[in-house]
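Colleague: Here is my input; please provide its structure:
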Amino acid sequence: MKIKSIALAVTLALGASNIALAQETSSSIEGTITSPSGSPAADTAITVIHIPSGSSRTVSVNSNGSFLLSGLRVGGPYKVIVDSNTFQDTTVEDVFLKLGETFKVGLQLDAASNIEVINVSASRLSAVALGQMGPSATFDLEDLQKSPSINRNITDIIRMDPRVYVDETRGDANPVQCVGKSNRFNSLTVDGVKLNDSFGLGSSGYPTVRMPFSYDAIDQVSVEIAPFDVVYTGFTGCNINAVTKSGTNTVKGGLFFDYGNDSLQGDSLEGDDINVPENSDKRYGFNVGVPLLKDKLFAFVSYEKYEGNSIFTRGAIGSGALNEVSLRQEDLNEIIRISNELYQYDPGPVPTSLPEEDEKILLKLDWNINDYHRLSYTYNYNDGNFFNTSDGDSNEFELLNHIYEVGAELNSHQLSFYSDWSDKFSTEVRLSHLKLDNRQVSIENKSGLVGGGNFGEVQVRVQNPDSGDRVTVYLGGDDSRHANDLNYDVAGLILRGKYITDNDHTLTFGYEREELDVFNVFVQHTETELRFNSIAAFESGNPSAIYYNNAPSHDPNDAAAVWDYAINSLYAQDEFYPTDNLKLKVGLRYDWYTTDSRPVENPDFTASYGFSNGTNLDGEGLIQPRIGFNYSLNDNTDLRGGLGIFSGGNPNVWFSNNFSNNNVLQFGQRGRNFGYTNGSRSLFDDDVVYRGVEPGVPAGPGYGVPSELYDAVSAGQGANNEINYFDPDFKIPTETKLSFGTTHVTEQGYVLQADLLVSVTKDQAIVLRGDLEQTGTNPEGYPIYDSVRLPSFVLTNSSEDSTSYTVSFGLMKSWDNGINLTTGYAYNHAEDVQPMTSSVAFSNYQFRAFTDPQEQVSSLSDYNIEHRLTVALTYDVEFLDGYDTTFSAFGLIQSGRPYSRTIPREDVNDIYNFTPFLDSNNVLPMGNERNGENGSWWNKVDIRVSQQLPGFAAGHNASVFFVIDNFTNLLNDDWGVAKRVSFNTVDFNDTTPENRQGDASLWQMRIGFNYNF
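Modeller: Modelled structure (predicted):
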């Protein structure tokens, strides 16, 4: 078996542990060259040639017989030339490098002979499958091309690792959750640039609405869970690292097109006919790499476009919709009639489909300046959108104008300069800049401007007389999108060096700085929110609640949170061999924050609490020691492990709340303060005066703000709900990771792996009320609280640690008949104190299960998937002579997400007497624990079949293919059905807590073609 096959086996098998650096975009080759007697072959010249580009690097073996070449392109093939003035010259052919991996070459030279050069197959260097330190998985170009990836997303690839759970019930979002941790605690880097959701609004982890770069631009991608190298930063879940293709001396590229529509999708589940809205979508693009100057300058360009539809599958009872809500059609018709006739507002129909698109451009330049210096530049552009629902739970129903667009435009630049200053010293300098413009705008807002909507949000609560179920119907502009705008810039600098000492210690040292600059407007209810407890109340204009929030100027831009900070890092590391079989890596990293930004001080808060709410992170620092090892038992088996502290991944939106919600920049008023909700007056009464009405619309409810609320906000009176503040004693949260694993390669080529990962989370970020003090306990044992200070939410640290562990096993095998198998199993037990599922402090505090809302109890995480088994299989065969037919399949068996059985929503405040106010079914019965219930298991298989065909010229080829997502469901509509609860809590009297997830359950097919040249 060639070395590439063995390396592929290890890296695809569960727990494969390639040290792919978090900001790394390259690979390395190191080795030991000895004489026939075993002594160091000092001064032997080592030349490494990248065959596709013709670039070469040369270094001399030191007095100990060692050498190192870093900053090399990933992939290959490479040729390694060993040129000795004393012993037999040798070449090693067909060397392929993995992202961030150090390829080891160990050769004992022969005595000089008449043979000019001895050619060595890379298979002699099979130890590359071994020698790693931490659990990870790496996937190369072949994996990307053959995988049944219906989404053209790297999440379709990394889900092969059973420790990596991709939530496929979330549509295009596909959140990635590693070893039971929140998707918000991951990091994504592409060609050295962090492409994280740096603010933390979304669930995909991307800053954009879809993967921000073309699938065909990727060369390799890796997932690192516990890397014990000091260059890693910015995550506690996992780091996803991708490197893109580069141009070569040969013009190479390809075109693609694929297509799907409603006829290529299932229409029944468990015997129920499903009314799938008419839809179609297509994706197309190209990629090409060219030499601009042979052996010197290369360019690579990729382009991809998506044109499709956002599909909405909810409907009233009897509508035949994929997801029917317990709402009678006649009740919905009556709400629409009242809105049109009395409020003079057309809320739009029931949404079924809306057009969406996405466009990606990537440009990469590589310049081999000379044998010692290389420069690389990457530009990435992405702009895309889709339409979403904010109130889509099983007891909620939205009409068209309440739907909102989610979109983002990204521009990023990255420049890397690699230099070898001597055989011992090399450096890397990297500069990067990312700019993101995020938009979230309701369909109601035709202008797209912040605060540009005409009609506010209206909620009408309806009870089904047949079932007793209550459903809230939403019309008008979504309240959280009345004034919602986000722009941020991220600038990065990396200065990194490596030095090899005379006694073979590889020293790594560096300085990094990342600057984040944020402009964020988030003001709810700027167009008002009106709530009605019945259809009759809606018709009579008698609301149960009115909300209005704004800056005193009534321009929500004046309430924007504008702030910035920088994270600075210093690190040093020593990698060495204390014995021939033991490799150690010992390092220390120090991160610290600097900022001049502070939330505007609220004098009422300072008077109430005795300290200012203008706290920030300036000066906060964290020391992160790390140590990793690899011990070789023999040529086929090794042990690995390590211990280290990691930090990062906490969403900045939690921090931003403290700049927005301080009751200084914006103020909120309630209708109850002016007698609008006690039934004594109607919104249609002649004495109600409406202010802030846009030109050309009626001066009435929904279109305008009752003058009393408007004038009070003008005067700076009212509150923006509870004040959010930052704990002055806040500590940077940490994750201590302890890992131990083993790899064994059998004589038959089976790669077997096992890993244990234990992590302890300390000082985890949580949200508590800052104003409550316990005054007693009620007869059932629940605490009684009193608000003794100005109402507030505080972002603070938990005093309770959480311990999590993952046990995983993997197997990989490649056969000569074209069959490749990868399979793995992971058992997860992850805990946290708060799931922190939201971007808003109030929601993070409220939407979880507890017996005491102020408690700090470590419980099973909302994100934990206890059991996960994955199988990936490919088979290449030539039905047509010279042209491959490839069959590939991916299957999973996994347990469901946990949830909690809680007291019904209407009884919650009877327990807590509205202090604090808890508007959810979030309170556990005494004796119950959070996430004590298990969700349903889900099993499915995806397949891909492609047939290679001749091209129009020599060296060209085409292929046609189809991909079927959830092939299991195509075989039987009872199979492959995903079920889950709408959120993380369920009333204890709900006999059917889980809902069928139609998007993930229905089979779907895409057909397409590729042309490669």
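
Colleague: can we go C-alpha only for contacts and neighbour counts from here?
Modeller: Will do.

Colleague: for the closest residue to Phe425 other than its chain neighbours, what are its contacts?
Modeller: Nearest residue to Phe425 in three dimensions, chain neighbours excluded: Tyr499, at 4.5 Å (CA to CA, 6 or more residues apart in numbering). For Tyr499, the contacting residues are 424-426, 506-508, by CA atoms under 8 Å, 6 or more residues apart in numbering.

Colleague: what do you get for Thr427?
Modeller: 418-421, 495-498.

Colleague: Which of the three states applies to Glu906?
Modeller: helix (DSSP: H, G, I helix; E, B strand; the rest coil).

Colleague: can you tell me how far Arg769 sits from Ser861?
Modeller: 21 Å (CA to CA, to the nearest Å).

Colleague: How about Pro543?
Modeller: 38 Å.

Colleague: on that earlier part again, and the residue nearest to Phe425, what pLDDT?
Modeller: Per-residue confidence (pLDDT) for Tyr499: 94.

Colleague: and if you look at Ala7?
Modeller: In this model, Ala7 carries a pLDDT of 33.

Colleague: Give the full set of residues in contact with the residue nearest the centre of the chain.
Modeller: Nearest to the mean C-alpha position of the chain, counting by CA atoms, centre = their mean, stands Gly205 at 2.4 Å. Under the criterion of CA under 8 Å, 6+ apart, the neighbours of Gly205 are 175-176, 183-184, 186-188, 196-197.

Colleague: could you say what helices and strands the lengthiest helix in the chain packs with?
Modeller: Counting by DSSP state H, the longest helix found in the chain is helix 329-341. Counting contacts by 3 or more CA pairs under 8 Å, 6 or more residues apart in numbering; DSSP states H and E, helix 329-341 packs against helix 535-540.

Colleague: Give the residue spans of this protein that score low on pLDDT.
Modeller: 1-25, 100-101, 114, 116, 119-129, 650 (pLDDT under 70).

Colleague: next one: stretch 847-860 to chain centre, how far?
Modeller: On the basis of CA atoms, centre = their mean, to the nearest Å, stretch 847-860 sits 25 Å off its chain's mean C-alpha point.

Colleague: how long is it end to end?
Modeller: 15 Å.

Colleague: buried ones in it?
Modeller: 847-854, 856-860 (16 or more other CA atoms under 10 Å).

Colleague: tell me the two of the residues you listed that are most distant?
Modeller: Longest distance between any two of these is 17.6 Å, between Gln854 and Leu860; criterion CA to CA.

Colleague: Please enumerate the helices of the stretch 501-650 of the chain.
Modeller: 535-540, 603-609 (DSSP state H, counting those that start in this stretch).

Colleague: One more: the chain?
Modeller: 3-12, 141-146, 155-158, 329-341, 535-540, 603-609, 652-660, 707-714, 841-846, 905-912, 967-971, 998-1001.

Colleague: Once you drop chain neighbours, what's closest to Phe611?
Modeller: Nearest non-adjacent residue to Phe611 (CA to CA, 6+ apart): Phe605, at 7.8 Å.

Colleague: more crowded one of Pro543 and Ser861?
Modeller: The residue with more neighbours, out of Pro543 and Ser861, is Pro543; 27 against 24, by other CA atoms under 10 Å.

Colleague: on that earlier part again, dump the residue contacts of the residue nearest to Phe611.
Modeller: Phe605 touches 611-613, 790, counting by CA under 8 Å, 6+ apart.

Colleague: Neighbour count and distance to Ser680 for these - can I get that in a markdown table?
Modeller: Below are these laid out as a markdown table (neighbours: other CA atoms under 10 Å; distance: CA to CA, whole Å):
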| residue | neighbour count | distance to Ser680 |
| --- | --- | --- |
| Phe611 | 13 | 42 |
| Ser612 | 19 | 41 |
| Asn613 | 26 | 39 |
| Leu790 | 17 | 30 |
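
Colleague: Cross these against strands and list the overlap.
Modeller: Nothing among the contacts of Phe605 maps onto strands, per DSSP state E.

Colleague: Looking at those, which is nearest Gly134?
Modeller: Out of the contacts of Phe605, the member with the shortest distance to Gly134 (by CA to CA) is Asn613, at 41.5 Å.

Colleague: How much space separates the closest one from Glu601?
Modeller: For Asn613, the distance to Glu601 - CA to CA - is 6 Å.

Colleague: same thing with Ser888?
Modeller: 60 Å.

Colleague: still on that earlier bit, export the contacts of Phe605 to JSON lines and tack on distance to Gly696?
Modeller: Putting these into JSON lines (distance: CA to CA, whole Å) gives the following:
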{"residue": "Phe611", "distance to Gly696": "48"}
{"residue": "Ser612", "distance to Gly696": "45"}
{"residue": "Asn613", "distance to Gly696": "42"}
{"residue": "Leu790", "distance to Gly696": "41"}
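
Colleague: between these, which is closest to Val760?
Modeller: Set against Val760, the nearest of the contacts of Phe605 by CA to CA is Asn613 (30.3 Å).

Colleague: What are the neighbouring residues in contact with the nearest residue to Ser182 once chain neighbours are set aside?
Modeller: Spatially, and ignoring its direct neighbours in sequence, Ser182 is nearest to Tyr863 (6.0 Å; CA to CA, 6+ apart). Residues near Tyr863 by CA under 8 Å, 6+ apart: 177, 180-182, 830, 897-898.

Colleague: Also Gly71?
Modeller: With CA under 8 Å, 6+ apart, Gly71 has these contacts: 25-28, 418, 428.

Colleague: at 10 Å what do you get?
Modeller: 24-29, 100, 373-374, 416-420, 426-428 (CA atoms under 10 Å, 6 or more residues apart in numbering).

Colleague: Pro625 now?
Modeller: Going by CA under 10 Å, 6+ apart, Pro625 touches 228-230, 571-573, 586-590, 643-646, 736.

Colleague: From the structure, what's the count of residues near Pro597?
Modeller: Check again: residue 597 is Ser, not Pro. Neighbours around Ser597, by other CA under 10 Å: 16.

Colleague: for it, what are its contacts?
Modeller: 562-565, 614-618, 659.

Colleague: Return the distance of it relative to Leu415.
Modeller: In terms of CA to CA, Ser597 sits 29 Å off from Leu415.

Colleague: picking up where we left off before, shared neighbours of Asn613 and Glu601, anything?
Modeller: With CA under 10 Å, 6+ apart as the test, Asn613 and Glu601 both reach 659, 662.

Colleague: For the stretch 1-150 of the chain, which segments count as strands?
Modeller: All strands of the stretch 1-150 of the chain, identified by DSSP state E, counting those that start in this stretch, fall at 27-34, 45-50, 55-60, 66-72, 75-83, 90-97, 102-108, 118-121, 136-139.

Colleague: so how far is the last one off the chain centroid?
Modeller: The offset between the C-alpha centroid of strand 136-139 and the centroid of the whole chain comes to 17 Å, using CA atoms, centre = their mean.

Colleague: mind saving the C-alpha coords of it as CSV?
Modeller: Taking C-alpha atoms only, strand 136-139 is exported to CSV below (Å, rounded to 0.1, in the frame of the first residue of the first chain):
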residue,chain,number,x,y,z
SER,A,136,-8.7,15.0,14.7
ALA,A,137,-9.8,14.1,11.2
THR,A,138,-8.5,15.4,7.8
PHE,A,139,-10.2,15.1,4.4
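
Colleague: check contacts around the residue nearest to Gln573 when sequence neighbours are not counted.
Modeller: Excluding the flanking residues, the one nearest Gln573 by CA to CA, 6+ apart is Gly587, at 3.9 Å. Going by CA under 10 Å, 6+ apart, Gly587 touches 228-231, 507-509, 571-575, 624-628, 644.

Colleague: contacting residues around Asp489?
Modeller: Per CA under 10 Å, 6+ apart, neighbours of Asp489: 198, 410-412, 433-437, 515-519, 564.

Colleague: one more time with 6 Å, if that's ok
Modeller: Counting by CA atoms under 6 Å, 6 or more residues apart in numbering, Asp489 touches 434-435, 516-517.

Colleague: Stretch 261-275: which residues count as buried?
Modeller: 261-262, 265-269, 274-275.

Colleague: let me redo that: stretch 808-816
Modeller: Buried, per 16+ other CA under 10 Å, within stretch 808-816: 808-814.

Colleague: Thank you, goodbye.
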